[in-house]
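A.B. asks: Output the structure for:
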Amino acid sequence: MEYKIDIFVVLIISLYFLYIYFIALYPVLILFLSSFFAKGLSLNKLDDKNLPEVTIIISAYNEEDLIWNCIKSIFDSEYDIERIKVLVGSDGSTDNTVLKLKQLKEIYPKIDYYSFDRKGKNYVINQLSAKASTDLIFYMDADCRIDTPTLRRMVEKFTDPNVGAVIANMVSYGYEIEDNEVGNVRENAGFKGESIYQKFELILRVHESRIFSTPGSLGAFYGIRKIYYSPLPNDKVCDDMMPILNVAKFKKRSYFDEDSYVWEVRKKSLTNELDRRARVSAGVYSTLYAAKELLLPNYGWFSFFLISHKLIRLLSPFFLILIFLFSFFIQDSIMMNISFGILLIITVTGFAGYLLEKVNIVFFPFKISLYFLTMNLGLFIAFFKFIFDKKIAIWEQK
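C.D. replies: Modelled structure (predicted):
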């Protein structure tokens, strides 16, 4: 009996494979590869006499509630404050951010601050980066607090000449920390889902770094050698990812330092996480397009990581859409029911998670489904932001 291959079944299985590849297979593969190809760093010990000067750059828009503790955490670190220069740019803030910076400069003379018209984070970063005179430049978000040994640990990684960038490990609390005391907060899907996602990302970044280099920064706090920095080409690329890709063009390592912590303290909700993911993912689309040559195999490990970690994830919502459409053409009713059933279960449980979220009821499996739907919706929206040239460097806090 001749068996006829159903091309739509093959396509659906292939699409499911690509989706499962990023979620489950790639993490397993990267763990396996790092056990054989891990390459350590060649570090030199730093003491107080040979600490290099560093510049820390912060772009702030209406951060009057967060900027004080942000800068305080820098000067409370274990790094010699005489070797730290902080440059802060207000991106057209309409609150008391500039006033707070003026007060901070009276306490910490190593701060210089500038007030720009509202032109977006990328513009501010380009302006401040041009003013930096040190060999090492660090970029920090106002909603972050650095752990006291973090800056010193990260600078030490730069004693390896093959390291071009170092990325800190971000822990998200979703609320402000006062005097290092952590309060209580109800964990919503936006916060809980992002926390789980960060743990997933942690595994990938750690083992990519052990092999060679991770293809993206978490954005909260990272450092780069000035010689590898290039001005951000437009206000559509990610301000934290583009510099990492520039380092890769020189075939230098961007090292994720899991032992160097920063705390993210901005409150999260499901709505603002959807907006943020759509905005950031649109930036990732633009950034990959601007550095598309890195997807070619001549960049070795980095190209493989960039495709597996970034590109396939960006395309994942379209895998689901195609699976849904192709399911209508499957001749085998059992396969069609399985295909529709998987999508239906995810959708129903995700919607149930949304309803439970509204009445403050916690059911972890539904939260995961809700975050899954939110992430894919954000990626889908991001594609059209990218296509229609939507700026991502100018955004409003919610």
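
A.B. asks: in the chain, which segments are predicted with low confidence?
C.D. replies: 1-5, 173-196, 266-273, 362, 390-398 (pLDDT under 70).

A.B. asks: neighbouring strands for the longest strand seen in the chain, and are they parallel or not?
C.D. replies: Criterion DSSP state E: the longest strand present in the chain is strand 253-264. Note on strand 253-264: by DSSP bridges, its sheet partners are strand 144-146 (antiparallel), strand 163-172 (parallel).

A.B. asks: Just the CA atoms of that strand, as CSV, please.
C.D. replies: What follows is strand 253-264, C-alpha atoms only, in CSV (Å, rounded to 0.1, in the frame of the first residue of the first chain):
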residue,chain,number,x,y,z
ARG,A,253,34.2,38.0,23.9
SER,A,254,31.1,39.5,25.6
TYR,A,255,31.2,37.8,28.9
PHE,A,256,28.2,37.3,31.2
ASP,A,257,29.4,37.4,34.8
GLU,A,258,26.8,35.5,36.8
ASP,A,259,28.5,36.5,40.1
SER,A,260,28.2,40.2,39.5
TYR,A,261,24.7,41.3,40.5
VAL,A,262,22.5,44.3,39.9
TRP,A,263,19.0,44.6,41.3
GLU,A,264,16.1,45.8,39.0
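
A.B. asks: Which stretches in the stretch 151-300 of the chain count as helices?
C.D. replies: Secondary structure of the stretch 151-300 of the chain (DSSP state H, counting those that start in this stretch): helices at 189-211, 241-249, 270-290.

A.B. asks: Figure out which of those is closest to Gln103.
C.D. replies: For the helices of the stretch 151-300 of the chain, proximity to Gln103 was assessed by CB to CB; helix 270-290 is nearest, at 28.3 Å. Every residue, glycine included, has its C-beta placed from N, CA and C.

A.B. asks: all strands for the stretch 1-150 of the chain, in order.
C.D. replies: Taking DSSP state E, counting those that start in this stretch, the strands of the stretch 1-150 of the chain run over residues 54-60, 84-91, 111-116, 136-140, 144-146.

A.B. asks: How far away from the center of its chain is the first one?
C.D. replies: Spelled out, that is strand 54-60. 18 Å (CA atoms, centre = their mean, to the nearest Å).

A.B. asks: other SSEs contacting it?
C.D. replies: Packing partners of strand 54-60 (3 or more CB pairs under 8 Å, 6 or more residues apart in numbering; DSSP states H and E): helix 67-75, strand 84-91, helix 121-131, strand 136-140.

A.B. asks: Format the ones you listed as CSV; extra columns: distance to Ile30.
C.D. replies: Output for those, formatted as CSV (distance: least, CB to CB, whole Å):
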stretch, distance to Ile30
helix 67-75, 32
strand 84-91, 35
helix 121-131, 30
strand 136-140, 26
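
A.B. asks: Mind putting the strands paired with strand 253-264 into JSON lines with distance to Tyr79 and mean neighbour count?
C.D. replies: Output for the strands paired with strand 253-264, formatted as JSON lines (distance: least, CB to CB, whole Å; neighbours: other CB atoms under 10 Å):
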{"stretch": "strand 144-146", "distance to Tyr79": "9", "mean neighbour count": "25"}
{"stretch": "strand 163-172", "distance to Tyr79": "13", "mean neighbour count": "24"}
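
A.B. asks: Past the longest helix anywhere in the chain, which element shows up next along the chain?
C.D. replies: Ranked by residue count under DSSP state H, the longest helix found in the chain is helix 333-358. Proceeding N to C from helix 333-358, the next assigned helix or strand is helix 364-387, under DSSP states H and E.

A.B. asks: how far off helix 270-290 does that following helix point, in degrees?
C.D. replies: Counting by axes from the mean of the first three to the mean of the last three CA atoms, to 10 degrees, helix 364-387 lies at 50 degrees to helix 270-290.

A.B. asks: Quick check: buried residues in helix 364-387?
C.D. replies: For helix 364-387, the neighbour count (16 or more other CB atoms under 10 Å) marks 366-376, 378-383, 385-386 as buried.

A.B. asks: Ok, stretch 65-85 next?
C.D. replies: Neighbour-count burial for stretch 65-85 flags 65-71, 73-74, 77, 79, 84-85 (criterion: 16+ other CB under 10 Å).

A.B. asks: From Asn376, how far off is Ile330?
C.D. replies: 22 Å (CB to CB, to the nearest Å).

A.B. asks: again, but for Pro231
C.D. replies: Here Pro231 is placed at a distance of 33 Å from Asn376 (CB to CB).

A.B. asks: List the contacts of the closest residue to Ser281 other than its chain neighbours.
C.D. replies: Distance criterion CB to CB, 6 or more residues apart in numbering; nearest residue to Ser281, sequence neighbours excluded, is Ala382 at 3.4 Å. The contact partners of Ala382, taken as CB atoms under 8 Å, 6 or more residues apart in numbering, are 277-282, 284-285, 314.
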